[in-house]
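Novice: Give me the fold of what follows.
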Amino acid sequence: MMLEHALLSIRVGEEPAFEESMREALPLIESAEGCFGAEVRRQAEDGSFYLLLVRWSSIDAHLSFRETELFTAWRALTHRYYREVPVVTHFHEPLTY
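Specialist: Residues are numbered from 1 along each chain as shown. From the prediction side, this is the model:
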């Protein structure tokens, strides 16, 4: 299992519209093959930043999603609010001690 991490920088003043679009967009990504859930959190210190976390079966599952109509719809709903292109990274399973 991989965890996708993306810090989304939203244009100031567009946060309410972004959140409304995200309500429609999040189910799209969650319905993708290999997706095991997603969440978006608003930053406390600066409300124009949001954290997107998506649980994927693998990095390949995430990359495959980016080639689908679901991603095209996701992009249409969300990307117009970004101030800059998000940096997307992937994390392995939690460390255990």
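Novice: When you work out contacts or count neighbours from here on, use the C-alpha atoms and nothing else.
Specialist: Noted.
Novice: the longest helix in the chain is where?
Specialist: helix 15-30 (DSSP state H).
Novice: Give me the buried positions along it.
Specialist: 15, 18-19, 21-22, 25-26, 29-30 (16 or more other Cα atoms under 10 Å).
Novice: same question, stretch 44-54
Specialist: Judged by neighbour count (16+ other Cα under 10 Å), stretch 44-54 contains these buried residues: 48-50, 52-54.
Novice: And stretch 89-97, by the same measure?
Specialist: Using 16+ other Cα under 10 Å as the test for burial, stretch 89-97 gives residue 90.
Novice: what mean pLDDT would you report for that stretch?
Specialist: The average pLDDT within stretch 89-97 is 94.
Novice: related to what we said a few turns ago, after the longest helix of the chain, next one along is what?
Specialist: From helix 15-30 onward toward the C-terminus, using DSSP states H and E, the following helix or strand is strand 35-42.
Novice: Each with direction, which strands does that following strand pair with?
Specialist: strand 49-56 (antiparallel) (DSSP bridges).
Novice: Contacts for the strand it pairs with, please.
Specialist: If you take Cα atoms under 8 Å, 6 or more residues apart in numbering as the criterion, strand 49-56 is touched by 1-10, 34-43, 62.
Novice: Buried ones among the residues you listed?
Specialist: Buried by 16+ other Cα under 10 Å: 2-10, 34-38, 40, 42, 62, out of the contacts of strand 49-56.
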